[in-house]
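# this one's structure only:
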């Protein structure tokens, strides 16, 4: 089983947070799905010992959503998820910051790759 | 699972600059060579440079891998036919003569002074081809030159492993001179058997002699084949991480994987008043010479996704800035790392664990470099800098980076590298070197290393030219000893 298999729903909810931050209006669901798929692919391509750790941390992160709003992270409202991810980014424990770093940075990069591709398609290049 | 037995005179593991050079030179002298490559065969042009598709196709782990330590350093490895030569900036340098001399003395390397090495660099330039950009250095490089000129810092245009042809409209079209375009086709034409999608699990040692190798071949979407490879000699050329990992898996551990060195790097994005950034120019070729080999300042590939990466986090007005992304470019400082890392295998896992402790000296050099980089781009006309330190608001004046002159923090800073070496250092001193002056492992009869792992210390310049020249030198020596 791929390391991302148990966490695709959490990755999708994280992708929506990242895409929302990069969008002027509501996040485009097509973009969100694409970014989520790319993030899962990146996790599966990691060295296995890191991928398993990332998967486990993602499960723990999802559970921690209960502290933010009484529900797993992936079931919180978008606004609550945005706030909870910010809280983890500022946590004093470096591994939590690294966790957020991966989703944010890789999510941002892949989202803008998608935007660039859309723009190229629209202009006929 | 299917199994297959293959025999050859020389097995070359890894098809990057070192492996491709070795395979080509030996095959062209009539030796029976198999060139094994873990990655797939994509070729130049299979995906746009620095795109997500290219990362997914040609980078190990689909992108960045972390070297663990108190400050994480993320690094890139190529994993495809041609290795790193297919994805890097293709910048060409000869190392400083003083660097070669220092290595020769410290590590007791025979025939290694600049005069002896010149012929190998000459051959690299002639056979692979390096060239300046024929139509100027491009707008990002011009900005770097402008800033450096105002500070009185010397800059140089760096040549690339690139070939240009003039088109009918007078413009120039360039193509990367990677291993898949140069040494590998020559090797195959000379009879070398290229096996992509094949990962060597281990070498099987019989005392001081490697008898065979076990590999797993698995093309994408295809069935796996277990390969039993028999050879007389083996060259391990998997790079500074995979070479020591394989040797250690095979029971060869003395001075192997203990001395990983790198050029740690940080980047900033800088915004200017006017649009200038055009990624079609490729990686900007101008570098600040003033502080080499200790420190190099230059420009990076600056497409929209890469710029967005540096504005990630909580930059106010980020989306407005990204709409004018052509006013922004990414600049870097790379330093000769002071730290020493390690490569180790983990039981039950196929990927090695890489550790690199960024020392206080590394952080000090990077902080000094960040300060210099900031001064440079502001002198060039930048209005705002987005820095690699988490939580730092955009900087609008050089004084905003002065706090880092004495060093970067250990946390919350984005450090990367694309240059790794020295994990199987060469030299006659068996107490500190893993391989002799010519890449043969000490105490082992028929195992050679011929890649960046051999460089005994940081070269302080883009390393591909040095790796190619040393690989050529060592392969030539191997042929001489065999009477070819």
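Good, I have the coordinates. Owing to the predicted nature of the structure, the values given are computational and were not obtained by experimental measurement.

# CA only for contacts and neighbour counts going forward, please
Fine.

# so residue B:205 sits in a strand?
Yes: with DSSP: H, G, I helix; E, B strand; the rest coil as the criterion, residue B:205 is part of a strand.

# what's around it, how many residues?
As a burial measure, residue B:205 scores 16 neighbours (other C-alpha atoms under 10 Å in any protein chain shown).

# can you pull the contacts of it?
By C-alpha atoms under 8 Å, 6 or more residues apart in numbering or on different chains, residue B:205 lies in contact with B:211, B:212, B:250, B:251.

# between the residues you listed, which is nearest residue B:24?
Within those, proximity to residue B:24 (C-alpha to C-alpha) peaks at residue B:212, which comes in at 21.4 Å.

# helix or strand: which one has the closest one?
strand B:209-217 (DSSP states H and E).

# what about that strand, average pLDDT?
Confidence over strand B:209-217, taken as the mean pLDDT, stands at 98.

# can you check stretch B:37-55 too?
With pLDDT averaged residue by residue, stretch B:37-55 scores 94.

# what about that stretch, how long is it end to end?
Terminal residues of stretch B:37-55 are spaced 17 Å apart (C-alpha to C-alpha, to the nearest Å).

# now do stretch B:195-208: distance to the chain's middle.
Here the centre of stretch B:195-208 is set off from its chain's centre by 23 Å, with C-alpha atoms, centre = their mean, to the nearest Å.

# typo on my end, stretch B:74-86
Going by C-alpha atoms, centre = their mean, where stretch B:74-86 is centred and where its chain is centred differ by 7 Å.

# how about the residues of chain B by chain A?
Residues of chain B lying near chain A by C-alpha under 8 Å from any C-alpha of the partner chain: B:51-52, B:61-63, B:65, B:304-306, B:308-309, B:312-313, B:319, B:349-352, B:411-412.

# helices of the stretch 251-400 of chain B, start to end?
Remark: helices of the stretch 251-400 of chain B, listed N- to C-terminal, are B:304-310, B:318-323, B:360-379; assignment by DSSP state H, counting those that start in this stretch.

# likewise for chain A?
Assigned by DSSP state H, chain A shows helices spanning A:8-21, A:29-45, A:48-69, A:78-89, A:94-101, A:107-123.

# let me know the angle separating the last one from helix A:94-101.
Angle, helix A:107-123 to helix A:94-101, by axes from the mean of the first three to the mean of the last three C-alpha atoms, to 10 degrees: 10 degrees.

# how about helix A:107-123: buried residues?
Neighbour counts over helix A:107-123 (16 or more other C-alpha atoms under 10 Å in any protein chain shown) mark A:107, A:108, A:109, A:110, A:111, A:112, A:113, A:114 as buried.

# next one, pLDDT for the residue nearest to the last one when sequence neighbours are not counted please.
What sits nearest to residue A:114 in space, not counting adjacent residues and going by C-alpha to C-alpha, 6 or more residues apart in numbering or on different chains, is residue A:31, at 7.0 Å. Predicted confidence (pLDDT) for residue A:31: 97.

# which residues touch residue A:31?
Neighbour list for residue A:31: A:19, A:111, A:114 [criterion: C-alpha under 8 Å, 6+ apart].

# residue B:31 against residue B:10, yeah?
Yes: using C-alpha atoms under 8 Å, residue B:31 is in contact with residue B:10, at 7.4 Å.

# who does the closest residue to residue B:266 other than its chain neighbours form a beta bridge with?
On the basis of C-alpha to C-alpha, 6+ apart, the spatially nearest residue to residue B:266 that is not a chain neighbour turns out to be residue B:415, at 5.2 Å. Residue B:415 has these beta-bridge partners by DSSP bridges: residue B:73.

# count of neighbours near residue B:415?
As a measure of burial, residue B:415 has 21 neighbours, counting by other C-alpha under 10 Å.

# that one and residue B:64, how far apart?
11 Å.

# great, nothing more from me.
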